[in-house]
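A.B. asks: Okay, structure incoming, though there's no sequence with it:
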Ligand code: HEM
């Protein structure tokens with residue numbers, strides 16, 4: 001009884017301490033912005049609490065935040081993410097300044113780990129800073145050029161075929177209700193296993209409900225926003241030494257060790273036998289040896305490297321005016337770390353896009369019919385083969401928040417100075433649903449992405465892959481991977497809402513855009 005009472009008291013003290021801490025941080029960050037004459041809008045404790053209890057999604061919170069920021073009529077506002085004061089920018093021209101003109105100042109992300117034992121995480125492109133980031137990004141950029149991805153197209157086609165065979169087996173000749181999340185998870189895992197690790201994921205060989213070893217480890221290594229991760233993260237930000245002492249790590253040890261073993265085994269085999277493959281792993285091994293074919297200075301590689309066609313400070317780096325990429329060397333751990341990063345960065349994102357594209361196509365039959373016609377015409381023109389140049393037109397928005405830390409820099413046209421280390425966040429989700437940029441934004445309308453329509457909008461109104469030099473290095477890869485899978489799925493099956501389809505869909509309480517209860521659709525083979 002006494003033990004229970006002490007335990008209960010400790011819980012009450014813990015919760016009270018946490019709320020005291022929240023109030024203290026909010027007050028501190030509010031003061032920070034008020035002293036700088038910047039409107040302060042957050043944090044919202046009720047929403048934070050509901051999120052921790054699983055009753056609010058990050059998507060709902062970000063949408064509300066954007067509305068609040070927009071209602072102030074200011075181009076940027078102050079916000080508190082509990083750990084840090086945070087500038088929340090809603091003005092597209094200001095965003096462009098940050099990403100293009102001042103890109104050199106907004107190049108680092110916030111720290112997610114301090115642990116010395118987080119070896120792989122520390123070597124991932126996503127965590128690198130300054131010159132080190134530039135060096136590795138410039139080494140990796142040529143591996144993501146259109147030409148290189150074109151050579152990998154066979155991998156996308158084969159995995160898409162395997163996925164359609166799997167779906168056919170599950171729904172039978174007459175068709176039936178099926179959770180498409182399962183097939184897309186296997187597809188995204190299969191593509192990354194083949195391209196980045198040089199192995200077969202065996203994800204389509206398993207019985208329903210069973211995951212292959214690669215899939216299990218791949219799932220374990222993904223970032224999931226859980227209550228414990230949030231606490232860990234706050235501790236890393238506020239008391240890095242304590243977090244380090246407690247051995248907090250960004251990436252779980254078990255999958256980390258597994259992937260290290262897998263990839264090092266494949267590299268050893270290739271080096272010993274001289275075997276070569278058309279995949280990222282090969283390209284990274286070539287980049288390490290300085291053997292990568294000479295596309296380093298091509299215009300496109302510079303675009304992959306800088307995320308911009310325009311003249312930016314980063315472009316001068318990319319074209320060799322500052323540090324030369326050849327100065328930087330990669331070792332085997334860099335290769336492993338970035339292959340694992342591609343698994344983290346390219347799995348959930350691609351899967352979410354595929355899931356919602358299937359959902360919208362099931363709901364909007366006329367769009368599905370148009371897409372089917374385009375895909376069939378492309379297949380007919382290419383002897384029934386899916387090719388890189390076939391261009392189906394399904395495009396869908398995704399949530400992604402993106403931010404950078406600045407050294408001291410003044411916001412143009414204002415007296416506001418963003419000090420070193422202060423975070424700047426760009427609310428992509430809100431912008432994508434803003435009527436000022438998109439008419440009827442909740443409507444699934446691929447036509448808004450025609451070149452003519454795109455030219456009518458501000459270039460920064462579409463930020464799915466981020467902007468500037470720190471944008472998504474895998475964007476070209478992801479687009480082709482997604483197009484291959486959607487094309488073959490729509491060619492093989494009719495997608496319709498089924499008896500379990502939730503309309504509107506309930507979103508999951510996680511960092512990425514995922515439906516809470518799977519994505520059940522009625523799927524019928526076309527022949
Ligand atoms: C639909 C799929 C994808 C979406 C929506 C997406 C989105 C993003 C976003 C928003 C960023 C941050 C940009 C910023 O901070 O400004 C990012 C970074 C990154 N993405 Fe993706 N991504 C996708 C697929 C992929 C794939 C397939 C790969 C790898 C094969 C990949 C690898 C990366 C890497 C390595 C970074 C960090 C780049 C750096 O720090 O220099 N992503 N992605």
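C.D. replies: Happy to help now that I have it. Computed from a predicted structure; not experimentally measured.

A.B. asks: Return the set of buried residues in the helix or strand harbouring residue 121.
C.D. replies: Assigned by DSSP states H and E, residue 121 belongs to helix 119-123. The neighbour-count check on helix 119-123 (16 or more other Cβ atoms under 10 Å) flags 120, 121, 122, 123 as buried. Yep, even glycine has a C-beta here, placed from its N, CA and C like the rest.

A.B. asks: Against residue 501, how distant is the closest residue to residue 502 other than its chain neighbours?
C.D. replies: Excluding the flanking residues, the one nearest residue 502 by Cβ to Cβ, 6 or more residues apart in numbering is residue 517, at 6.5 Å. Applying Cβ to Cβ, to the nearest Å, the value for residue 517 to residue 501 is 10 Å.

A.B. asks: Which one's more surrounded, the two?
C.D. replies: Higher neighbour count among residue 517 and residue 501: residue 501, with 16 against 13, using other Cβ atoms under 10 Å.

A.B. asks: and the more buried one, that one's in a helix?
C.D. replies: No: in this structure, residue 501 is coil, not part of a helix, as judged by DSSP: H, G, I helix; E, B strand; the rest coil.

A.B. asks: and the residue lying closest to it once chain neighbours are set aside, backbone torsions?
C.D. replies: Nearest in space to residue 501, with sequence neighbours left out and distances taken as Cβ to Cβ, 6+ apart, is residue 520 at 5.5 Å. With angles defined as degrees, to the nearest 10, residue 520 sits at phi -80, psi 130.

A.B. asks: can you pull the contacts of residue 520?
C.D. replies: For residue 520, the contact set (Cβ atoms under 8 Å, 6 or more residues apart in numbering) comprises 177, 178, 179, 180, 498, 499, 500, 501, 502.

A.B. asks: Which one (most neighbours) among the residues you listed?
C.D. replies: Ranked by neighbour count (other Cβ under 10 Å), the contacts of residue 520 have residue 180 at the top, with 25 neighbours.

A.B. asks: Tell me the predicted confidence for that one.
C.D. replies: Looking at residue 180, its pLDDT is 97.

A.B. asks: what about residue 203, how many neighbours?
C.D. replies: Neighbours of residue 203 (other Cβ under 10 Å): 26.

A.B. asks: Run through the bridge partners of the residue nearest to residue 501.
C.D. replies: Note on residue 520: beta-bridge partners by DSSP bridges are residue 179.

A.B. asks: coming back round to it: the helix holding residue 121 and the ligand in contact?
C.D. replies: No: figure legend: helix 119-123 not in contact with the ligand (Cβ under 6 Å from any ligand atom); closest approach 12.0 Å.

A.B. asks: On the three-state scheme, the residue in the stretch 251-400 of the chain positioned nearest to the ligand is what?
C.D. replies: Closest residue of the stretch 251-400 of the chain to the ligand, Cβ to the nearest ligand atom: residue 346 (2.7 Å). Residue 346 carries the three-state label helix when classified by three-state DSSP.

A.B. asks: Ok, residue 466 next?
C.D. replies: From three-state DSSP, the assignment for residue 466 is coil.

A.B. asks: pretty sure it is touching residue 472, no?
C.D. replies: Yes: assessed by Cβ atoms under 8 Å, residue 466 is found in contact with residue 472 at 5.5 Å.

A.B. asks: Tell me where the model's unsure across the stretch 101-250 of the chain.
C.D. replies: 111-117 (pLDDT under 70).

A.B. asks: Name the helix or strand for the residue nearest to residue 502, please.
C.D. replies: For residue 517, there is no host helix or strand (DSSP H and E).

A.B. asks: That one and residue 506 touch, don't they?
C.D. replies: Yes: at 6.3 Å, residue 517 counts as touching residue 506 under the criterion of Cβ under 8 Å.

A.B. asks: Now do the helices in the stretch 301-450 of the chain.
C.D. replies: Secondary structure of the stretch 301-450 of the chain (DSSP state H, counting those that start in this stretch): helices at 313-318, 332-363, 365-381, 428-432.

A.B. asks: Confidence-wise, which of those helices is weakest overall?
C.D. replies: Sorting the helices of the stretch 301-450 of the chain by mean pLDDT places helix 313-318 lowest, at a mean of 47.

A.B. asks: Now render the helices of the stretch 301-450 of the chain as a markdown table, adding mean neighbour count and distance to residue 133.
C.D. replies: Converted to a markdown table, those look like this (neighbours: other Cβ atoms under 10 Å; distance: least, Cβ to Cβ, whole Å):
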| stretch | mean neighbour count | distance to residue 133 |
| --- | --- | --- |
| helix 313-318 | 20 | 11 |
| helix 332-363 | 23 | 12 |
| helix 365-381 | 15 | 38 |
| helix 428-432 | 22 | 21 |
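
A.B. asks: Which parts of the one helix or strand residue 149 maps to count as buried, going by neighbours?
C.D. replies: Using DSSP H and E, residue 149 sits in helix 146-151. For helix 146-151, the neighbour count (16+ other Cβ under 10 Å) marks 146, 148, 149 as buried.

A.B. asks: quick revisit: I'd like the contacts of residue 520 as TSV, with distance to residue 165 appended.
C.D. replies: What follows is these, written out as TSV (distance: Cβ to Cβ, whole Å):
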residue	distance to residue 165
177	19
178	14
179	17
180	15
498	21
499	25
500	23
501	23
502	27
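
A.B. asks: Nearest to the ligand among these?
C.D. replies: residue 180 (16.0 Å).

A.B. asks: Stretch 377-386 spans what distance, first to last residue?
C.D. replies: Separation of the first and last residues of stretch 377-386 by Cα to Cα, to the nearest Å is 11 Å.

A.B. asks: following the helix holding residue 121, which helix or strand shows up next?
C.D. replies: Using DSSP H and E, the first helix or strand after helix 119-123 is helix 130-140.

A.B. asks: That following helix to helix 332-363, inter-axis angle?
C.D. replies: Counting by axes from the mean of the first three to the mean of the last three Cα atoms, to 10 degrees, helix 130-140 lies at 70 degrees to helix 332-363.

A.B. asks: and helix 130-140, anywhere near the ligand?
C.D. replies: Yes: residues of helix 130-140 contacting the ligand under Cβ under 6 Å from any ligand atom: residue 137.

A.B. asks: returning to what we had before: distance of the residue of the stretch 251-400 of the chain closest to the ligand relative to residue 118?
C.D. replies: Counting by Cβ to Cβ, the separation of residue 346 from residue 118 is 20 Å.

A.B. asks: cool, residue 338 as well?
C.D. replies: 15 Å.

A.B. asks: cool, residue 456 as well?
C.D. replies: From residue 456 to residue 118 the distance is 45 Å (Cβ to Cβ).

A.B. asks: Of these two, give the one with the bigger neighbour count.
C.D. replies: A count of neighbours by other Cβ under 10 Å puts residue 118 above the other of residue 456 and residue 118, at 21 against 9.

A.B. asks: okay but that one is in contact with residue 253, surely?
C.D. replies: No: with contact defined as Cβ under 8 Å, residue 118 does not count as touching residue 253 (9.4 Å).

A.B. asks: what mean pLDDT would you report for the longest helix seen in the chain?
C.D. replies: Ranked by residue count and defined by DSSP state H, the top helix of the chain is helix 2-35. What helix 2-35 shows for mean pLDDT is 84.

A.B. asks: who does it touch, helix- and strand-wise?
C.D. replies: Here helix 2-35 touches helix 45-52, strand 76-80, strand 85-89, going by 3 or more Cβ pairs under 8 Å, 6 or more residues apart in numbering; DSSP states H and E.

A.B. asks: Tell me the buried residues in it?
C.D. replies: 22, 25, 26, 29, 30, 32, 33.

A.B. asks: if you skip the residues just before and after it, what's nearest to the last one?
C.D. replies: In this case it means residue 33. Nearest one to residue 33, counting by Cβ to Cβ, 6+ apart, is residue 78 at 3.1 Å.

A.B. asks: who's in contact with the one you found?
C.D. replies: Per Cβ under 8 Å, 6+ apart, neighbours of residue 78: 29-30, 32-33, 36, 38-42, 85-88.

A.B. asks: Just put those residues in JSON lines and tack on distance to the ligand.
C.D. replies: Converted to JSON lines, the contacts of residue 78 look like this (distance: Cβ to the nearest ligand atom, whole Å):
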{"residue": "29", "distance to the ligand": "22"}
{"residue": "30", "distance to the ligand": "27"}
{"residue": "32", "distance to the ligand": "24"}
{"residue": "33", "distance to the ligand": "23"}
{"residue": "36", "distance to the ligand": "25"}
{"residue": "38", "distance to the ligand": "23"}
{"residue": "39", "distance to the ligand": "24"}
{"residue": "40", "distance to the ligand": "24"}
{"residue": "41", "distance to the ligand": "22"}
{"residue": "42", "distance to the ligand": "21"}
{"residue": "85", "distance to the ligand": "19"}
{"residue": "86", "distance to the ligand": "15"}
{"residue": "87", "distance to the ligand": "15"}
{"residue": "88", "distance to the ligand": "15"}
